[in-house]
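Enquirer: coordinates only, no sequence provided:
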Ligand SMILES: Nc1ncnc2c1ncn2[C@@H]1O[C@H](COP(=O)(O)OP(=O)(O)O)[C@@H](O)[C@H]1O
Ligand SMILES: [Mg+2]
């Protein structure tokens, strides 16, 4: 479903600030794969996500989605195939517009936008039905402006907007990191439920190791622009935080810099 | 007094179309587009030129709209494809339009005094139907002496402007319109939902300046001339209308906000008329008054908000103190 081959990018090449953010990344996701991505700060996780979504273009390498080479496809065109949720709860929705209007925008993601009304009776019914999955009562607040919602509610809405039109790939970049623990747990659970029900092929970056272990069928660890660990199936089921830290030390020869990594 | 208020509302309702255009760029796209000063004149110039050349008045107005659309699109292309900053894109286009408008007109002023215009046509229809006479009689009965020469312009323009308002409301709720609104609100988000923000900005600025030029085209036929300098300060007038209207009527829904813009444009005209009628201000002061109006409309709601907030806090403190005392 997603194939990344030999992907590399260097920022500020040839200057003292030179940064090899991604080095020869190889990655292949099968349909329905739910991959969690961990790694220290600056490992290149966001850069990888931005490159898959088309917000950034690689120096070398190929990106294929659903057997189509999208390496040079512009961000907005690629977005027809990709659902995204950002770290900042403010980033995924339009605050001055209503819940219904935001969902109508998301509904048009994989269609051509026309001069027909964005919301009609049929769509409104669909929006309500989808909002009910969130168990936040938002289905009764269709005409409320999104700017009035709490961070957790906005992030739940963002998650729904990114997923309910069945994208080929779902990209989540630390989408629970800016929320307080109880809201983060709510969004984590919702993510698990939605991905399970819809079988979306998902790439989820998280700084929470426990979350990376609990969710998904495969885990990759990144460091210094490389994928240093890739574990799936039964082996992933058996993983623990201690084992992950040991594994990191074995590969890199030093302790993981886990100033931001939440261990439990 | 009545007649000058009447005239203020009459031209205000035409300027409301221009204000709706400014609303689209400033509020919907969050793009401070200064093309307006030029595109208003482009509309007037095209409409006047075509009328002098014997074109039907309706076609002349339509052509004005298209010319404005083109001008706005170029500003949009400068910004999106040329990566020129929004303010500068508008200033460049406005400057270029000054020469273009002169080319269109061939001279700095086209008078339409003895030409048939949209408004002279309306007037003869109203006269032949006896509508004007009926209004005259009604107003005379109310004791008003100085009567307007025709009611056709006001009544028909009210209808035209409101039709444009309702079309704008509809448009802003379509799939394209929703994407357009998201640009001014959260551009990263709308791109992640597959909208081509470059194309949408070009379209939005095109429609915005199309409306401005439409107003210019109508205004030229209304006043009976097109002048190279008639657009100076137009952007601030548009902005004043938007801000005044919003602070009085509010922005709860799209329909309410566009209504606010229309009402704001009329109120603006009334305020200016009243100001000029006073003994110590004259025509030359209108720009200063406009600027002051914008400042007032921007500052007063903030002050009111602060006062409300502090009185709310004071009440809360008192309530808390009382509770503490009762508890003690
Ligand atoms: N646009 C950019 N210009 C220069 N350096 C960048 C840019 N984006 C990211 N980097 C650098 O690349 C590295 C990887 O960043 P990022 O992918 O954001 O890491 P993370 O794994 O924490 O998400 C970091 O060292 C970062 O400073
Ligand atoms: Mg990151």
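Expert: Yep, that arrived. Just so it is clear, the structure is predicted and the values come from calculations on it, not from any experiment. Ligands and ions are numbered 1, 2, ... in the order given.
Enquirer: residues near residue A:1, how many?
Expert: Other residues lying near residue A:1 total 17 when counted by other C-beta atoms under 10 Å in any protein chain shown. Where C-beta positions appear, they are placed from N, C-alpha and C, glycine not excepted.
Enquirer: wait, it sits on residue A:200?
Expert: No. In this structure residue A:1 lies outside contact range of residue A:200 using C-beta atoms under 8 Å: 9.6 Å.
Enquirer: what sits in contact with each of those two?
Expert: Counting by C-beta atoms under 8 Å, 6 or more residues apart in numbering or on different chains, the residues touching both residue A:1 and residue A:200 are A:32, A:169.
Enquirer: show me the shaky parts of the chain.
Expert: I'll assume chain A. Chain A contains residues with pLDDT under 70 at A:256-264.
Enquirer: oops, chain B please
Expert: If you take pLDDT under 70 as the line, chain B has these spans: B:328.
Enquirer: so which bits of it are right by chain A?
Expert: Taking C-beta under 8 Å from any C-beta of the partner chain as the contact definition, chain B meets chain A at B:170-171, B:173-179, B:181-182, B:185-186, B:188-197.
Enquirer: go with 7 Å
Expert: B:173-176, B:178-179, B:181-182, B:185-186, B:188-197 (C-beta under 7 Å from any C-beta of the partner chain).
Enquirer: check those residues against ligand 1, which are close?
Expert: Filtering the residues of chain B next to chain A for proximity to ligand 1 (criterion: C-beta under 6 Å from any ligand atom) leaves nothing.
Enquirer: are any of these buried, and which?
Expert: Buried subset of the residues of chain B next to chain A (neighbour count, 16 or more other C-beta atoms under 10 Å in any protein chain shown): B:173-176, B:178-179, B:181-182, B:185-186, B:189-197.
Enquirer: from the residues you listed, which ones fall inside helices?
Expert: Applying DSSP state H to these, the entries found in helices are B:175, B:176, B:178, B:179, B:181, B:182, B:185, B:189, B:190, B:191, B:192, B:197.
Enquirer: and the residues you listed, which two are the farthest apart?
Expert: B:176 and B:192 (17.3 Å; C-beta to C-beta).
Enquirer: which parts of chain A are helices?
Expert: Using DSSP H, helices in chain A cover A:45-53, A:75-78, A:99-107, A:121-132, A:151-163, A:181-198, A:209-214, A:233-237, A:241-252.
Enquirer: let's have these in a markdown table, adding mean neighbour count.
Expert: Shown next, in a markdown table, are the helices of chain A (neighbours: other C-beta atoms under 10 Å in any protein chain shown):
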| stretch | mean neighbour count |
| --- | --- |
| helix A:45-53 | 22 |
| helix A:75-78 | 18 |
| helix A:99-107 | 25 |
| helix A:121-132 | 14 |
| helix A:151-163 | 24 |
| helix A:181-198 | 16 |
| helix A:209-214 | 19 |
| helix A:233-237 | 11 |
| helix A:241-252 | 15 |
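Enquirer: would you list the ones you listed in JSON lines and tack on distance to residue A:37?
Expert: What follows is the helices of chain A, written out as JSON lines (distance: least, C-beta to C-beta, whole Å):
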{"stretch": "helix A:45-53", "distance to residue A:37": "5"}
{"stretch": "helix A:75-78", "distance to residue A:37": "19"}
{"stretch": "helix A:99-107", "distance to residue A:37": "24"}
{"stretch": "helix A:121-132", "distance to residue A:37": "27"}
{"stretch": "helix A:151-163", "distance to residue A:37": "17"}
{"stretch": "helix A:181-198", "distance to residue A:37": "14"}
{"stretch": "helix A:209-214", "distance to residue A:37": "8"}
{"stretch": "helix A:233-237", "distance to residue A:37": "13"}
{"stretch": "helix A:241-252", "distance to residue A:37": "13"}
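Enquirer: can you put these in a markdown table and add distance to ligand 1?
Expert: Converted to a markdown table, the helices of chain A look like this (distance: least, C-beta to the nearest ligand atom, whole Å):
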| stretch | distance to ligand 1 |
| --- | --- |
| helix A:45-53 | 3 |
| helix A:75-78 | 15 |
| helix A:99-107 | 25 |
| helix A:121-132 | 30 |
| helix A:151-163 | 18 |
| helix A:181-198 | 18 |
| helix A:209-214 | 13 |
| helix A:233-237 | 20 |
| helix A:241-252 | 15 |
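Enquirer: JSON lines for the ones you listed, including distance to chain B?
Expert: Supplementary listing: the helices of chain A in JSON lines, determined by distance: least, C-beta to the nearest C-beta, whole Å:
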{"stretch": "helix A:45-53", "distance to chain B": "7"}
{"stretch": "helix A:75-78", "distance to chain B": "5"}
{"stretch": "helix A:99-107", "distance to chain B": "5"}
{"stretch": "helix A:121-132", "distance to chain B": "10"}
{"stretch": "helix A:151-163", "distance to chain B": "8"}
{"stretch": "helix A:181-198", "distance to chain B": "17"}
{"stretch": "helix A:209-214", "distance to chain B": "23"}
{"stretch": "helix A:233-237", "distance to chain B": "29"}
{"stretch": "helix A:241-252", "distance to chain B": "31"}
